[in-house]
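Peer 1: task: produce atomic coordinates for the following.
(2 chains)
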Amino acid sequence: MPATKKPAIKELRKVLIANRGEIAIRIMRTLHAMGIKTVAVYSEADRNALHVELADEAYLLGPAPARESYLRIDKILEAAKASGAQAIHPGFGFLAENPEFAQAVVDAGLVFIGPTAQAIRDMGNKLNSRALALRHKIPVIPAVDEREAGADFAERVKALGLPVLIKAAAGGGGKGMRVVEHLKDLKQSLEMSKRESLNAFSDDHVFVEKYLKDPRHIEIQVLGDLHGHVMHLNERECSIQRRHQKIIEETPSPFMTDALRAEMGEAAVRLAKAVGYTSAGTVEFMVDADRKFYLLEMNTRLQVEHPVTEMTLGLDLVYWQVRIAEGHPLPRRPGPLRARGHAIECRIYAEDPAADFIPCAGRLAFLREPSGPWIRNDCGVRSGSEVTTHYDPMISKLVAWGETREASVARMKEALNDYIILGLRTNREYLLDVLDLPAFREGRLHTGFLKQHLPDWQPRQAKLEAALLAAALYRGRRQAQATGSAPAQRNPWQTVGDWGR
Amino acid sequence: MERRYFRVGKKLHKIWLTQTEAGQVKYRVDEGEERQAACVQLDEHILLLETPEGRLPVYIVRHGQEVLAQIQGESFQLREEDAEHGLADGADAEDDKVLAAPVPAKVVKILVAPGDAVKRGQSVIILDSMKVELELKASAAGKVREVLAQEGQQIPMGQPLMTFE
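Peer 2: From the prediction side, this is the model:
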């Protein structure tokens, strides 16, 4: 779709971030570095949150539940007006892929830092985007639409061949997704998926896809500007998933070839151009063992795993989102972008991997973030932060870069070991065990990888004896006392064994 | 000599400690051998253990009735118990008879009724936490005695949902 008119350049001086947690903070950091003032919004549960602390201004939206706060379009626009913000960045999740929100922002005379409402609408419904892809000769996975099939539904699912995957038409983030192995489980799973979809997206339209055996999830980052130019920024492999949600992402993919990258990149750009895409977006594909790829969906927003692309290309995607929204054209380079080295991201979730990844809540009694060469931690919490069950349980995304995949994985392991999180159960140790698996090191990844290689995971606890000893010796908070002596001269029994008694 | 009990997961562990000279401790865990270590507290949440295997920084915090620790990438949750309670080690069997909510959640659907026979691993209730549906499963074969929750009900963490016999 060619751009109809040359947009005027509008420099932004103040931006509201309609989000919370690590992504709100990550966006603020770029805005601050660009000399742009930031406006945070928050719910009653987030009064003391880190994103509120770091913003130049902050506005209360309402009570803790998202639909009474972070999903309230009217309240967010009120805050934008009160603060004098010229633009809104939606982050990801919440309202990021809500076309009504994108439209309401524009209608209020503000800039939406993202694609157009129409592009979000075109891609937001997976059944729509499938039809669009087919028109543009991009392969999709065979599927049956539950509503359209009507009474023939079960028959047609059977014809598709089991297992199948139920998906929410309006879906994302794994919500509403379910694998069905046997036809007799179809009804119950369908009910659960519809309910989950209704709760998450206010829409219970679901469809059933043929379940590919051990595919890889490989996606292409795209950037489009207001001048009709769309480019791709290479791939990310996100095959390591639990509950259909990514937990480890990397670029380049160990499975990628230059030819496949060019082909997938070209398909992604074609799809983005078809909807007049004007921001950062991601076209997700499933890739089978024969390197055939199928469109999964397009995410019309910044992606959680965007930092790995930033690390290997040496650019800031949020910076480009802002520049594009201001009306600046993307730089045009001949030929493909050259990535440098390898980057990997681990998502740190407050959850219990030994109990089916159940989300955990709690107060972070002590947090020490890892550091070191080529380590980046986009973190949304600090010591003392309360993690509630109101929102997504991801507390940070840890990223490492290396000259090779081996080097970045080694740095990631060091950083995970050095990441001290007390007071909240997380998947940190589980991630360490994943990185240690020979199949992971050899890059033999697929979306069923974790179920295959780490079923019934339990923590190793090799240092149990030391933990028992430490627990027996630990007395808690140090009494106020003069302790000016050097560590070597300190009597440990005064500092450990005896106080507090 | 001091004797302490800590529960880690479902298992109860004993540790005997004797203070020798300043900073030195002799200890024995469960049926293991006697070992020696030194310990210095570097900060409110950091202990430095010197064991025969080497130096171990321990990050540690007291959290309600529990002690939480992280050592070389491993996380531990230890609950101190007094000797009498600890030795009456019947808790494991009891745990299988009550299904409690592992997280604060909303009850979406109850899949069994009192009197129903259940198999180990059978789904018995569906909860919704943070918009993710969780199927809780029976941890052992048995019979449902009582259902203590209702569909649509918001429940706090740890609340018993049903009992088995």
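Peer 1: nearest residue to A:Ala354 in space, ignoring adjacent ones along the chain?
Peer 2: By the measure of C-beta to C-beta, 6 or more residues apart in numbering or on different chains, the closest residue to A:Ala354 outside its immediate chain neighbours is A:Gln458, 5.4 Å from it. In this view, the C-beta of every residue, glycine as well, is placed from N, C-alpha and C.
Peer 1: give me the pLDDT for the one you found.
Peer 2: pLDDT, A:Gln458: 94.
Peer 1: now do A:Gln481
Peer 2: Value for A:Gln481, per-residue pLDDT: 37.
Peer 1: got it, and B:Val29?
Peer 2: Predicted confidence (pLDDT) for B:Val29: 94.
Peer 1: what's the answer for A:Ile420, then?
Peer 2: 97.
Peer 1: relative to A:Gly21, how far out is it?
Peer 2: Going from A:Ile420 to A:Gly21 by C-beta to C-beta, to the nearest Å gives 20 Å.
Peer 1: which of these two has more neighbours?
Peer 2: Here A:Ile420 and A:Gly21 are compared on neighbour count by other C-beta atoms under 10 Å in any protein chain shown; more neighbours surround A:Gly21, at 24 against 21.
Peer 1: show me the contacts for that one.
Peer 2: A:49, A:51, A:380-381, A:391-392, A:394-395 (C-beta atoms under 8 Å, 6 or more residues apart in numbering or on different chains).
Peer 1: among those residues, which lie within strands?
Peer 2: A:394-395 (DSSP state E).
Peer 1: nearest to A:Arg130 among the contacts of A:Gly21?
Peer 2: The shortest gap between A:Arg130 and any of the contacts of A:Gly21 belongs to A:Asp392, at 26.6 Å (C-beta to C-beta).
Peer 1: so the closest one sits against A:Gly93, correct?
Peer 2: Yes - under the criterion of C-beta atoms under 8 Å, A:Asp392 makes contact with A:Gly93 at 6.2 Å.
Peer 1: which stretches of the stretch 401-501 of chain A have low pLDDT?
Peer 2: Along the stretch 401-501 of chain A, segments meeting pLDDT under 70 span A:476-501.
Peer 1: if you set the cut-off to 90 instead, what comes out?
Peer 2: Within the stretch 401-501 of chain A, the segments meeting pLDDT under 90 span A:475-501.
Peer 1: thinking again about what came up before, so which of the contacts of A:Gly21 are also by chain B?
Peer 2: Among the contacts of A:Gly21, the residues within reach of chain B (C-beta under 8 Å from any C-beta of the partner chain) are A:391-392.
Peer 1: which of the contacts of A:Gly21 ranks first by neighbour count?
Peer 2: A:His51 leads the contacts of A:Gly21 on contacts (other C-beta under 10 Å) with 26 neighbours.
Peer 1: can you pull the contacts of it?
Peer 2: Going by C-beta under 8 Å, 6+ apart, the list of residues near A:His51 reads A:17, A:19-21, A:24-25, A:28, A:40, A:42, A:380.
Peer 1: do that again at 7 Å, thanks
Peer 2: A:20-21, A:24-25, A:40, A:380 (C-beta atoms under 7 Å, 6 or more residues apart in numbering or on different chains).
Peer 1: tell me where the stretch 1-150 of chain A has helices.
Peer 2: A:21-33, A:50-54, A:73-83, A:99-107, A:117-124, A:126-135, A:146-149 (DSSP state H, counting those that start in this stretch).
Peer 1: format these as TSV; extra columns: mean pLDDT.
Peer 2: Output for these, formatted as TSV (pLDDT from 0 to 100):
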stretch	mean pLDDT
helix A:21-33	98
helix A:50-54	97
helix A:73-83	98
helix A:99-107	98
helix A:117-124	95
helix A:126-135	91
helix A:146-149	88
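Peer 1: need those helices in JSON lines (columns: distance to B:Arg62).
Peer 2: As requested, the helices of the stretch 1-150 of chain A are exported to JSON lines (distance: least, C-beta to C-beta, whole Å):
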{"stretch": "helix A:21-33", "distance to B:Arg62": "27"}
{"stretch": "helix A:50-54", "distance to B:Arg62": "24"}
{"stretch": "helix A:73-83", "distance to B:Arg62": "40"}
{"stretch": "helix A:99-107", "distance to B:Arg62": "44"}
{"stretch": "helix A:117-124", "distance to B:Arg62": "48"}
{"stretch": "helix A:126-135", "distance to B:Arg62": "48"}
{"stretch": "helix A:146-149", "distance to B:Arg62": "52"}
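Peer 1: can you tell me how far A:Gly402 sits from A:Asp316?
Peer 2: 20 Å.
Peer 1: hang on, I meant A:Ala85
Peer 2: To A:Asp316, A:Ala85 is 20 Å away according to C-beta to C-beta.
Peer 1: circling back: just flag the most distant two among the contacts of A:His51.
Peer 2: A:Ala40 and A:Gly380 (12.0 Å).
Peer 1: pull the residues that contact stretch A:250-261.
Peer 2: Counting by C-beta under 7 Å, 6+ apart, residues outside stretch A:250-261 touching it are A:216, A:218, A:234-237, A:287, A:291, A:308-309, A:312, A:339, A:342-344, A:405, A:443.
Peer 1: just how off-centre is it within its chain?
Peer 2: In terms of C-alpha atoms, centre = their mean, to the nearest Å, the centre of stretch A:250-261 is found 20 Å from the chain centre.
Peer 1: show me what counts as buried in that stretch.
Peer 2: Neighbour counts over stretch A:250-261 (16 or more other C-beta atoms under 10 Å in any protein chain shown) mark A:250-256, A:260-261 as buried.
Peer 1: distance between the ends of that stretch?
Peer 2: Using C-alpha to C-alpha, to the nearest Å, one end of stretch A:250-261 lies 15 Å from the other.
Peer 1: nearest residue to the closest residue to chain B within the stretch 301-450 of chain A other than its sequence neighbours?
Peer 2: Relative to chain B, the nearest point of the stretch 301-450 of chain A is A:Asn417 (3.8 Å; C-beta to the nearest C-beta). Nearest residue to A:Asn417 in three dimensions, chain neighbours excluded: B:Gly73, at 3.8 Å (C-beta to C-beta, 6+ apart).
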